[in-house]
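K.L.:
A predicted structure for the sequence below; I have some questions about it.
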Amino acid sequence: MKRIFLLIVLIISGCQSPQSEPASITVAAAASLSDAMNELNSLYEKEHPNTNITLNLASSGVLANQIKQGAPIDVFVSASESHFQSVKKKDLLNPDYQTPLLKNKLVLIKSRSTNLANFEQLASENVKRVAIGIPETVPAGAYAKQALEFANVWETLKEELIFGKDVRQVLTYVETGNADAGIVYETDYRSSKNVDFVEEVPEQAYSPIIYPAGVVRGAREEATNYYTFLQSKEAKAIFESYGFQSDVSAND
């Protein structure tokens with residue numbers, strides 16, 4: 001009888017399909033994408049309950065260096081084409097899974113207590129401290145430097161600049177009053193209720209802000225599914241709700 005029972009148990013066990021192992025991927029994304037990516041990842045994990053996503057947020061330059069140093073990253077979404085290309089030149093990206101994903105704009109913001117009406121007044125006595133990202137590693141900082149040079153105020157403001165490790169830190173400097181003004185992405189301004197909008201930075205003053213996305217060579221299989229998801233209608237709708245432009249060809 002025991003043998004018959006054991007045989008039945010073995011037959012039942014053999015008929016059951018083994019549960020697949022949970023898939024885990026690490027997504028490295030520019031800090032300016034933090035709010036959108038958190039929402040996107042929650043949606044993806046809900047639709048793919050057997051997938052766990054680790055989100056690594058930092059400036060694009062820092063993320064690019066991490067990939068070059070062999071960090072276990074599966075998908076890279078950069079706020080800078082140059083940092084993305086620096087990874088590509090090292091042959092660290094899958095050539096079949098790369099695309100320009102989003103666009104953004106620069107805006108000038110100020111603290112609530114600062115009297116500032118336009119870009120030209122950055123060099124006035126009313127503005128003592130201006131925050132931008134570190135140009136060498138933070139794309140928003142590189143674009144901001146271009147804009148300040150275009151306006152011929154870079155040399156004038158050099159001693160008054162406060163540099164943030166990423167664009168979100170720049171936003172925080174202005175929110176807390178540690179900087180009188182700052183140059184951030186439009187999407188960052190829209191995420192805050194504690195700063196005032198001054199004006200858009202003229203788009204001819206800086207290079208087009210393109211966010212390329214790609215799958216890192218040797219990435220887990222689930223990474224390609226996630227990469228495809230980032231280009232879906234539902235993902236684009238979420239990006240657009242945070243102020244990003246999903247039509248990358250626009251204004252090119």
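P.N.:
Yep, that arrived.

K.L.:
Residue 67 versus residue 93, what's the distance?
P.N.:
Distance of residue 93 to residue 67, computed by CB to CB, to the nearest Å: 8 Å. (Each C-beta comes from the backbone N, C-alpha and C, glycine too.)

K.L.:
Overlap of the contact sets of the two?
P.N.:
By CB atoms under 8 Å, 6 or more residues apart in numbering, residue 93 and residue 67 have these common neighbours: 76, 87, 216.

K.L.:
Tell me which of those residues fall in strands.
P.N.:
The members of the shared contacts of residue 93 and residue 67 that map onto strands under DSSP state E are 76, 216.

K.L.:
If you rank the shared contacts of residue 93 and residue 67 by neighbours, which is first?
P.N.:
Among those, the one with the most neighbours (other CB atoms under 10 Å) is residue 76, at 30 neighbours.

K.L.:
For the residue lying closest to residue 138 once chain neighbours are set aside, list the residues it contacts.
P.N.:
In space, and not counting its chain neighbours, residue 138 is closest to residue 59: 4.4 Å by CB to CB, 6 or more residues apart in numbering. Residue 59 makes contact with 30, 31, 133, 134, 137, 138, 139, 165, 166, 167, according to CB under 8 Å, 6+ apart.

K.L.:
By residue count, what's the longest strand in the chain?
P.N.:
If you go by DSSP E, the chain has its longest strand at strand 93-104.

K.L.:
Please report phi then psi for the residue nearest to residue 138.
P.N.:
The phi and psi torsions at residue 59 (degrees, to the nearest 10) take the values phi -70, psi 150.

K.L.:
Residue 178: which of the shared contacts of residue 93 and residue 67 is nearest?
P.N.:
Closest to residue 178 out of the shared contacts of residue 93 and residue 67 is residue 76 (30.8 Å), distances taken as CB to CB.
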